[in-house]
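1. have a look at this fold, sequence not included:
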């Protein structure tokens, strides 16, 4: 069980993972390495990675040729991206991410929005 998920849910957040693998490949990886405890969405054409800037294009190639990079995003219920971390490794500082979520709670409470992490 992911011990961080309840901490995010306590702030009204929903966590979703997006993989560049096809669904069958994701299922095979989960069988090999263990299932994750959150929804896993498939992005085999990399449309989500491209839209969110979590894609490293191959030098001199078409934009869709390249590889995905790790991205962590806080997205408000209004659909606006409120916080971003993109890099070669997953963002691992859960406490810093929770602090960002808390700061969004304060700023969005005044506007009537409730933040969510996706």
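-> On my side now, so go ahead. Treat the numbers as computed from the prediction; the structure is a model and nothing was measured.
2. which intervals of the protein have sub-threshold pLDDT?
-> Across the chain, the ranges flagged by pLDDT under 70 are 1-2, 107-118.
3. I figured residue 52 was touching residue 75, is that so?
-> No. In terms of Cβ atoms under 8 Å, residue 52 does not count as a neighbour of residue 75; the distance is 9.4 Å. For glycine as for every other residue, the C-beta is placed from the backbone atoms N, C-alpha and C.
4. give me the common contacts of those two.
-> Shared contacts of residue 52 and residue 75, defined by Cβ atoms under 8 Å, 6 or more residues apart in numbering, comprise residue 81.
5. who has more neighbours, these two?
-> residue 75 (20 against 16; other Cβ atoms under 10 Å).
6. so residue 56 belongs to a strand, correct?
-> Yes. With DSSP: H, G, I helix; E, B strand; the rest coil as the criterion, residue 56 is assigned to a strand.
7. does it touch residue 67 like I think?
-> Yes. Between residue 56 and residue 67 there is a contact at 5.4 Å, judged by Cβ under 8 Å.
8. what's the longest helix in the chain?
-> Secondary structure of the chain read by DSSP state H shows that its longest helix is helix 94-109.
9. got the buried residues for that helix?
-> Residues of helix 94-109 classed as buried: 97, 98, 100, 101, 104, 108 (neighbour count, 16 or more other Cβ atoms under 10 Å).
10. equivalent analysis for stretch 25-33, please.
-> Neighbour-count burial for stretch 25-33 [16+ other Cβ under 10 Å]: residue 26.
11. any idea how far residue 101 is from the residue lying closest to residue 83 once chain neighbours are set aside?
-> In this structure, residue 83 finds its nearest non-sequential neighbour in residue 74, 4.1 Å apart by Cβ to Cβ, 6 or more residues apart in numbering. Residue 74 sits at a distance of 6 Å from residue 101 (criterion: Cβ to Cβ, to the nearest Å).
12. that older thread, since we're on the residue nearest to residue 83, how many residues are nearby?
-> Count around residue 74 with other Cβ under 10 Å applied: 21.
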